[in-house]
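> Just need the structure, nothing else, for what follows:
(chains A and B)
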Number of protein chains: 2
Amino acid sequence: MDSPKSGGSVDDNYGVDYVLHYKIPANEKAEAEAGYVELIKALTTVGLASEVRCASKESLFVFVKIASSELLRNQIYRSRLQDWLHGVRSASPDHDVAKTLENEPVTEAERLRLVYLMMIKPENEGGAGIMENSGKWKYVDAIFPLQNRAFNKAWISNWSGNYLLQESEIHGIREKFGENITMYFVFLRSYLRFLAIPSAVGFGAWLCLGQFSMIYAVATCLWSVIFFEYWKKKELDLAVQWGVRRVSEIQHPRPEFQWEYEKEDPVTGEALRVYPPVKRLQTQLLQVPFALACVLALGSLSLTAISLEIFINEVYNGPGKQYLTFVPTVILVVCTPIISTILMSAAKALTDRENYATVDAYHAALVQKQFVLNFMTSYMPLLFTTFVYLPFGHVLIPALDFWRRTAQAITFSKAPLATREFQINPQRISAQMFYFTVTAQIVNLATELVVPYLKQRAFAKAKEIQAKRSDEAVQDNPEETEFMKRVRNEYEMDVYDVTEDYREMVMQFGYLNLFSVAWPLAPICFLVNNWVELRSDALKITTSCRRPVPWRADSIGPWLQTLGVLSWLGSVTSSAIVFLCSRARDGERGGASNVTAWGLLLSILLVEHFYFLAQIIVRTVLDQLESPGLQKERKERFQMKRQLLQDHLGQDVADRAAAPGIEMSEKITRAALEEDARLTSIRGKVSPAEAFWQRQHGMQETIEVGRMFITQMDTKNGKPASAAQPSPRA
Amino acid sequence: MDSPKSGGSVDDNYGVDYVLHYKIPANEKAEAEAGYVELIKALTTVGLASEVRCASKESLFVFVKIASSELLRNQIYRSRLQDWLHGVRSASPDHDVAKTLENEPVTEAERLRLVYLMMIKPENEGGAGIMENSGKWKYVDAIFPLQNRAFNKAWISNWSGNYLLQESEIHGIREKFGENITMYFVFLRSYLRFLAIPSAVGFGAWLCLGQFSMIYAVATCLWSVIFFEYWKKKELDLAVQWGVRRVSEIQHPRPEFQWEYEKEDPVTGEALRVYPPVKRLQTQLLQVPFALACVLALGSLSLTAISLEIFINEVYNGPGKQYLTFVPTVILVVCTPIISTILMSAAKALTDRENYATVDAYHAALVQKQFVLNFMTSYMPLLFTTFVYLPFGHVLIPALDFWRRTAQAITFSKAPLATREFQINPQRISAQMFYFTVTAQIVNLATELVVPYLKQRAFAKAKEIQAKRSDEAVQDNPEETEFMKRVRNEYEMDVYDVTEDYREMVMQFGYLNLFSVAWPLAPICFLVNNWVELRSDALKITTSCRRPVPWRADSIGPWLQTLGVLSWLGSVTSSAIVFLCSRARDGERGGASNVTAWGLLLSILLVEHFYFLAQIIVRTVLDQLESPGLQKERKERFQMKRQLLQDHLGQDVADRAAAPGIEMSEKITRAALEEDARLTSIRGKVSPAEAFWQRQHGMQETIEVGRMFITQMDTKNGKPASAAQPSPRA
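Below is the predicted model:
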């Protein structure tokens, strides 16, 4: 057997590819034991070697690695062939397996992905069919690879000299964590770089133009179009460069999928399991009531909190104001997660019922619903301020009256409450924006990074203490103590989900596009935040989460569409905010507060059409620039075909078909004519076509006859040009 | 030589592929004669046989056919290989030339296209480099194939039993006239079929809802979206079915192209001639003043004519009204073509200066400019009525006053002219629409079909008479008299340009989308017109035009974009017309004429967003349905690759890489462990990883150790589970 170094495994990890955590609940021991035997057999069947160790009092660790490098090589070759068959690769791998691996060495990510697929693929596709926490495998609690500590350390320590991610780092991340996670980091890097533009514009606008500047709104709109179109090209280019283009078309079947009938795949001819799309559409229509429920639940919560907040801050003037100020925030902080959780589980249940056949389709549908929810929770307060509070502030008066009466009822006071007159305050939106860009981001960063770290520390400590006290610590082999401690530690960590990170960035992009016109310094805050985020995400993935399975990806998936929607929506809300707020502010300053409906509609219409126009122009310009990746791919394809041609046919085809030249052509023509004449003599009858083409035998005669015609045209008043065949041979 | 039947040539035409008309101007005879010799030599060099006949007193006909079927076969094979190399075909043609031709016989269109290319391709690409009317070949006046009379007769006579084009007919057209023209006929057929929907809706709206119905406007908008998206998919599907997908990427170089430097093509590695895109962009920027000039020239013409017309029809009440009514029409009829012609030649000059490298790019740029011009001439009067006359009728009063004063000045009358008070008439737009849909279409049809026929007849007659009188008729060979008469006849005919036909249909689509809400019966008129058009176009192409060169095409080209723009614009103008006209009508009837700006903007905004939403939904739904053509292509590609795999590798690769099963896997694992142990004994030192994996030898031991762990967990208050390696062999 080769040393574990070859084939992309990690030395530091004893060559372990995956760790399976197997629970042995005290009261289901017999069943768990039978399941354990099944597990080891299933692993062995697909060609995985296993070792077992005690994980804790109630669980085992099963360590898995691929049985031999020969088997790994075959798996890799097979997977690459399949990629080629599905159009992911342009050139088929070399017939010689060893040569293929030499040309394109196996990376850790490729090895780990293939081993994972060997474990989870259904049995009819040659896998072990293991699924975490479900059915036959309900005691398999976790399947995870071990962190590559050497790489992680190098990556983190690399930061000190680096402002952004270097190309070499990206290469490393791709080799270790796979394309899916690398795509996120490259996206974050691109976004971070692009943020420099609105930061500069925003700072300028803040200095010179103040809030609610139409110039800033239009600039942001243009920026978002450029960023969106740039990224679309960039991700395609990355996918091609990484050799993963069209990988999203090779989809992993969802084990939970319920099919109704089978039909033949029209392309591959394989049996395809189908769930009638009409049935799915019927379920999908439930998304409409779902969206309405979201709007209703979160909208009424927002309405309650906001009107109460306005009442307390801007109308109420009585006792205890300094404490009451926090009441709406408390209501929001308490109720939003509860409602969100309920709706999120509804979203999940709905997506389950939609019964998608592939993991990707399921994931995209879920992300879509979650986006609707996130959209509501994140943007509702700001949208409410923009489109209800600012233009139609007076509709809030009944709500404010309700709170006044409630307050009076609670305090039992008969005297009228100390209140001020209600006035619309256009600065409200800026204050909210400040909260969302600064306060919320800091809180978010803390919860994302510090909390899990502390939690994990506390957890580990507690376990240690508990174990020591009860004298129940599992005794490891002395040489393996350090390793086992690390494995236990990694097992305790959170599962990393790249979706969360994408969501955060996309929602931020939304804040920037939709509302930053109210506070033009927002992009700078985002820039700073994301600079930290780039590092904190790396820290999270390397030290506070289990190592994720290194999947491939050729795009940021459903988030791309979301970015597009937010970019468009930004053109609408920004222009509305500019129009409404600048008018409201002018009104406040004593100018005529003429918020006319047609002015609002016209400014929305103009900026939105500017957005569409910009999109067309940017797309056209970017299409002119061929991306290096696509060019490379086209070149590869072209060369592959030319190679195939040369292999099969040699150079002579090209030569044979080229222009034959006068001499050759004359010979051909003469031969053809002679053949015609021969056939004629056999048949004894000249067809009109034969007669037509036999009048002039070859080029020379055609030239001579033509010249004769030309000469005859000369005889001005003489004999008319007779076309009756003058034969040069006569 | 094979009989001319094989290889797609036409029997009736004596096997002639092309006819070249060669002028011999009386005063340049020597030069023309030298050119003639050159011509015959050039033709012979590339392998074309030629015959010469007298065409008239001052010109020759050179008849051309490919020298032998062997040469044709090679040309075809070569062209098919090139298609494959550029991704037009998914499978490479069979290595055996004869077999390839048997699998896919040569059509007339393919033969004619290749022979044409042999003649016009530059010499360095193996062609004869002949170009009509230019440079060295300035006496070559026309190059055209001869009509296939048998097919034409069958096609035309087929109509009696047919409502629309049959699939078999389409197949026939494709074989005879090539994909470019077939695409037009299929487009026309699809459009004609789709027209049934707005016709029905329009008739219903006319009966129940009257003019200016929002329901009709929204229905038309939805219809146009569906038609546009349907056609996009349909044309792709057709291209795949016809095997011409991506044909537009193999572009023919434009001989007039001026290049500045050469660079290597990044894909094919061939030398590429480049004109700096920045320079071209600079020239393209001239399109802005060009468009402004169009607006200005045609706009002021429209303003003059319309205001005069309004003055005469709605204000003037004096003498001679019945004659004066025609004055504006006469102004328009006289001036529009003049201005159009000037602008059109400006457009052509501009496009020439833009210096495109390929014929397609040049054509697309020209069509774009022509579309702007056509847009102005066709829609300006209606747009003027919608967006100026109806909402801001009073701005016309100065113009009307001007005409009043002019009229008074002309008539020298001091008494005030007999005038009525000016009132805005919302029915104006309907009258205009009626004119454009009924009158203009009939006139158009007549000019398109009857005029060329009469012209040609008269021309032929005149020539005949002239020739007879002057006794200068060319004497043909007795057997060929009939044939030569036909050739002369076809030479006299117009050149068919499919662009004209597309333009007509696209402009009609625009009328329907933009303005038909003013007169909902318009779609019915279009339906009838197009039913005739389908036949008249066939008649035109077969009997009153020279047979066109059968080019290939994978789409309707630049017209697709134009359709999209008109479809979008329709949503804007329809809603505006509905809003403005219904208000104006209500105002006329005595209701409050409250044409508010915000109402107008809101209705435009709503309908336009309905358009965008509909577009997204229709696109999503259509994307779900895989088109049969694309499916076929994917299947072919997949099977080709699988075939290649099987050829190269045999079945054993799949077997080798499948799950090895327990027994095999056990053997592999054991062998790997033994190899490790052997290496260890050589080295004399056990690495930690080796030690880790050697604790359990094979599946059975892993199972036993695991079970032991599980059992030990049972001893509840006894000895803690010791993970210190219990060896089953101890």
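> okay, CA-based contacts and neighbour counts for the rest of this
Fine.
> Next, give phi and psi for A:S134.
phi -150, psi 140 (degrees, to the nearest 10).
> Would you mind stating the distance between it and chain B?
Distance of A:S134 to chain B, given as Cα to the nearest Cα, to the nearest Å: 21 Å.
> Same check on A:F177?
Using Cα to the nearest Cα, A:F177 is found at 23 Å from chain B.
> can you list the weak-confidence ranges in the stretch 501-650 of chain A?
By pLDDT under 70, the weakly predicted segments of the stretch 501-650 of chain A are A:584-595, A:647-650.
> So which bits of it are right by chain B?
Applying Cα under 8 Å from any Cα of the partner chain, we find that the stretch 501-650 of chain A lies next to chain B at A:597-599, A:601-602, A:605, A:631-632, A:634-636, A:638-639, A:641-642, A:648-649.
> change it to 10 Å
Neighbours of chain B within the stretch 501-650 of chain A, by Cα under 10 Å from any Cα of the partner chain: A:596-602, A:604-605, A:624, A:628, A:630-642, A:644-645, A:648-649.
> Now the buried members of these.
Buried by 16 or more other Cα atoms under 10 Å in any protein chain shown: A:598-602, A:604-605, A:630-642, A:645, out of those.
> Now do the SS call for the closest residue to chain B within the stretch 251-400 of chain A.
Closest contact between the stretch 251-400 of chain A and chain B, by Cα to the nearest Cα, is at A:V267 (4.2 Å). Assigned with DSSP: H, G, I helix; E, B strand; the rest coil, A:V267 falls in the coil class.
> Leaving out chain neighbours, which residue sits closest to it?
Spatial nearest neighbour of A:V267, excluding adjacent residues (Cα to Cα, 6 or more residues apart in numbering or on different chains): B:K635 at 4.2 Å.
> Low-confidence bits of chain A, can you list those?
In chain A, residues with pLDDT under 70: A:1-11, A:160-161, A:411-422, A:467-473, A:584-595, A:647-659, A:714-730.
> surely A:K232 meets A:D554?
No: in terms of Cα atoms under 10 Å, A:K232 does not count as a neighbour of A:D554; the distance is 11.0 Å.
> Neighbour count: these two, which is higher?
Neighbour count, other Cα atoms under 10 Å in any protein chain shown: between A:K232 and A:D554, A:D554 has more, with 22 against 14.
> what about the closest residue to that one other than its chain neighbours, how many neighbours?
Closest residue in space to A:D554, ignoring its immediate chain neighbours: A:A239 at 4.8 Å, by Cα to Cα, 6+ apart. Around A:A239 there are 23 other residues, counting by other Cα under 10 Å.
> Check which helices and strands the helix or strand hosting A:A219 is in contact with.
Taking DSSP states H and E as the definition, A:A219 sits inside helix A:214-241. For helix A:214-241, the contact count by 3 or more Cα pairs under 10 Å, 6 or more residues apart in numbering or on different chains; DSSP states H and E identifies helix A:167-204, helix A:498-515, helix A:558-588, helix A:597-624, helix A:628-649 as packing neighbours.
> Report the next helix or strand after it in sequence order.
As assigned by DSSP H and E, the chain's next helix or strand after helix A:214-241 is strand A:261-264.
> Is that next one in proximity to chain B?
No: judged by Cα under 10 Å from any Cα, strand A:261-264 makes no contact with chain B; its nearest approach is 12.1 Å.
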